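>>> Pasted the sequence and its predicted model underneath.
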Amino acid sequence: MDYKMVKCIYYNRSIGNINGWQISCDYQMFWINLWMHKLTPTTARNYGYKVCLFLNWCKQRNKTYLKATNADLNNFVLYIQFDNKNGIFEIGESASRHSTVKNYINAITNMYTFILSYNLGNMIMIDEEKKINKNSYLKDILWSPERKKVFINKNIEKYKAKRIYEKWYSAEQVDAILSNFNTIRNAAIFALTLEGMRIDEVLSIRMIDYNPKNCTVTAFRSKRKITGDTHRIVVLSERTIRLLEDYLNFERSPSEMKMLDNNIIDTGYMFINLKYCKTFGQAVEYANYRYILRRAANSAGIPEELVRTHSGRSTAVMNDILFHSKHPDLLSIEDIRIKYGWSNISSIMPYLDSSNPLVALENRKRLDRINEEVINVFGKIKATNNSKE
């Protein structure tokens with residue numbers, strides 16, 4: 001019998017019965033299922049299918065997951081990474097192939113990390129195995145974060161399809177995208193990214209983080225897990241404030257009344273699902289907003305495959321970089337680093353790349369202005385016949 005995913009119900013002492021997933025075979029996968037029950041049902045489902053493929057791949061080679069070696073993992077990666085057409089292996093051109101392979105490695109990594117962290121290796125009894133193979137994952141340090149990164153870079157990165165994005169938007173593109181959102185909420189989210197906020201910061205904003213009096217919002221880079229005091233204050237423009245106020249008054253406020261009528265608890269997050277369905281009133285998810293943004297951008301004339309959620313923030317950074325090029329005395333690189341919440345100055349370097357045509361143009365203009373000022377003061381230097389050059 002092959003390994004397969006099945007629905008199940010398991011008990012959590014603090015929550016009660018939970019609908020989840022587990023892996024089934026001709027014998028009970030106790031420790032692997034214990035690992036899956038520690039995950040959220042959605043993550044367990046996503047990881048489980050990937051682990052099942054790996055387990056079945058090992059089984060076809062008469063190996064259990066305890067006896068799988070590093071060489072087996074390498075061969076498994078090749079198995080899912082390349083297309084085998086008539087005995088000829090081809091590198092797939094699918095843009096998702098690179099991320100798919102990484103997701104498989106993450107799932108398998110998570111499973112073995114759980115086994116190691118609970119020191120279950122010597123307790124696992126599969127078939128008649130009494131001890132762990134010395135070459136297996138459980139006796140190897142392959143899954144340390146550093147080793148995993150090296151493995152991914154060595155075996156996957158070189159095959160990664162290069163994606164081309166619209167890195168930042170022009171003023172005309174910004175106006176076009178804003179005019180193609182179907183709700184004020186979506187326009188407000190986009191406007192906040194144009195203030196230099198990361199999308200996870202925007203979707204993590206709570207109502208208490210917004211201060212309309214001071215025109216500021218407190219940004220937590222937390223993915224909705226507000227812990228500690230790591231945050232920054234973002235000053236908002238008049239356009240963003242207007243969009244936020246319109247959203248709160250005309251879209252969120254009516255939804256709050258509807259939530260109250262249906263005994264739905266308000267999570268306190270600023271941006272919530274407005275459509276009345278099973279997720280009504282819950283915080284907007286990243287994948288949902290990315291779909292909305294791409295659809296609006298496509299309607300605005302920007303191909304959706306060129307759109308990424310980070311380009312709003314990149315646009316704000318690029319505008320400040322260009323201002324710095326014109327007025328370095330008014331806005332320094334260190335000012336920009338602090339404004340955008342970077343811990344290291346190296347994060348700005350990609351924007352200052354000499355191959356960036358916008359930066360190169362502004363630098364050229366600045367140098368021409370400096371040269372003109374020098375000429376006005378000292379006069380034009382003329383070459384003489386005695387020049388050795």
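Received it, and whenever you're ready, just let me know what you need.
>>> which non-adjacent residue is nearest residue 76?
residue 57 (5.5 Å; CB to CB, 6 or more residues apart in numbering). C-beta here means a position set from N, CA and C on the backbone, and glycine is covered the same way.
>>> and the one you found, what pLDDT?
With respect to pLDDT, residue 57 scores 87.
>>> Then the one 5 residues further on?
At residue 62, the pLDDT value in this model is 85.
>>> quick one, phi/psi of it?
With angles defined as degrees, to the nearest 10, residue 62 sits at phi 60, psi 40.
>>> now do residue 180
According to degrees, to the nearest 10, residue 180 has phi -110, psi 10.
>>> Tell me if I'm right that it and residue 304 touch.
No - Residue 180 sits out of contact with residue 304 when judged by CB atoms under 8 Å, with a separation of 11.7 Å.
>>> if I look at these two, which residues touch both of them?
residue 297 (CB atoms under 8 Å, 6 or more residues apart in numbering).
>>> before we move on, back to that, distance of the residue nearest to residue 76 from residue 50?
Taking CB to CB, to the nearest Å as the measure, residue 57 falls 11 Å from residue 50.
>>> Could you list the low-confidence segments of the stretch 151-300 of the chain?
151-163, 222-230 (pLDDT under 70).
>>> can you rerun that using 50?
227-228 (pLDDT under 50).
>>> picking up where we left off before, ok so the residue nearest to residue 76 is a strand residue?
No - counting by DSSP: H, G, I helix; E, B strand; the rest coil, residue 57 is not part of a strand but helix.
>>> From residue 24, how far off is it?
Counting by CB to CB, the gap from residue 57 to residue 24 is 17 Å.
>>> go on, residue 185?
If you go by CB to CB, the gap between residue 185 and residue 24 works out to 42 Å.
>>> who's more crowded, these two?
Legend: neighbour count by other CB atoms under 10 Å for residue 185 and residue 24, higher for residue 185 (26 against 17).
>>> Then residue 44 would be within a helix, right?
Yes - assigned with three-state DSSP, residue 44 falls within a helix.
>>> which residues does it contact?
So residue 44 contacts 20-22, 36-37 (CB under 8 Å, 6+ apart).
>>> Now, those that are in strands?
20-22 (DSSP state E).
>>> Mind listing what's buried along the host helix or strand of residue 33?
Here residue 33 sits within helix 30-38, counting by DSSP states H and E. For helix 30-38, the neighbour count (16 or more other CB atoms under 10 Å) marks 31-33, 35-37 as buried.
>>> Go ahead and produce CSV holding the CA coordinates of it.
Written as CSV, here are the backbone C-alpha positions of helix 30-38 (Å, rounded to 0.1, in the frame of the first residue of the first chain):
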residue,chain,number,x,y,z
PHE,A,30,2.8,7.5,14.4
TRP,A,31,5.7,10.0,14.7
ILE,A,32,5.1,11.5,11.3
ASN,A,33,1.5,12.0,12.0
LEU,A,34,2.3,13.5,15.4
TRP,A,35,4.5,16.0,13.5
MET,A,36,1.5,16.8,11.2
HIS,A,37,-0.8,17.3,14.1
LYS,A,38,1.6,19.9,15.5
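>>> Need the contact partners of it.
10, 20-23, 44, 47-48, 51, 65, 110-111, 114-115, 120, 123-124.
>>> Narrow the residues you listed to just the buried residues.
20-23, 44, 47-48, 51, 65, 110-111, 114-115, 124.
>>> Now do the same contact list for residue 234.
192, 195-197, 216-219.
>>> Quick one: classify it as helix, strand or coil.
Per three-state DSSP, residue 234 ends up strand.
>>> Could you check how far residue 232 is from residue 305?
With CB to CB as the criterion, residue 232 and residue 305 are 32 Å apart.
>>> Between these two, which is the more surrounded one?
When neighbours are counted by other CB under 10 Å, residue 232 and residue 305 differ, and residue 232 comes out ahead with 16 against 13.
>>> burial measure for residue 328, as a count.
11.
>>> Quick check: it is in a strand.
No - in this structure, residue 328 is coil, not part of a strand, as judged by three-state DSSP.
>>> Quick check, pLDDT for it.
Reading off the confidence values, residue 328 has pLDDT 81.
>>> Would you agree residue 348 is in contact with residue 342?
Yes - between residue 348 and residue 342 there is a contact under CB under 8 Å: 6.8 Å.
>>> So for the two, which sits in the more crowded spot?
residue 348 (18 against 13).
>>> so who does the more buried one touch?
317, 321, 333, 336-337, 342.
>>> Having no further points to raise, I will conclude here.
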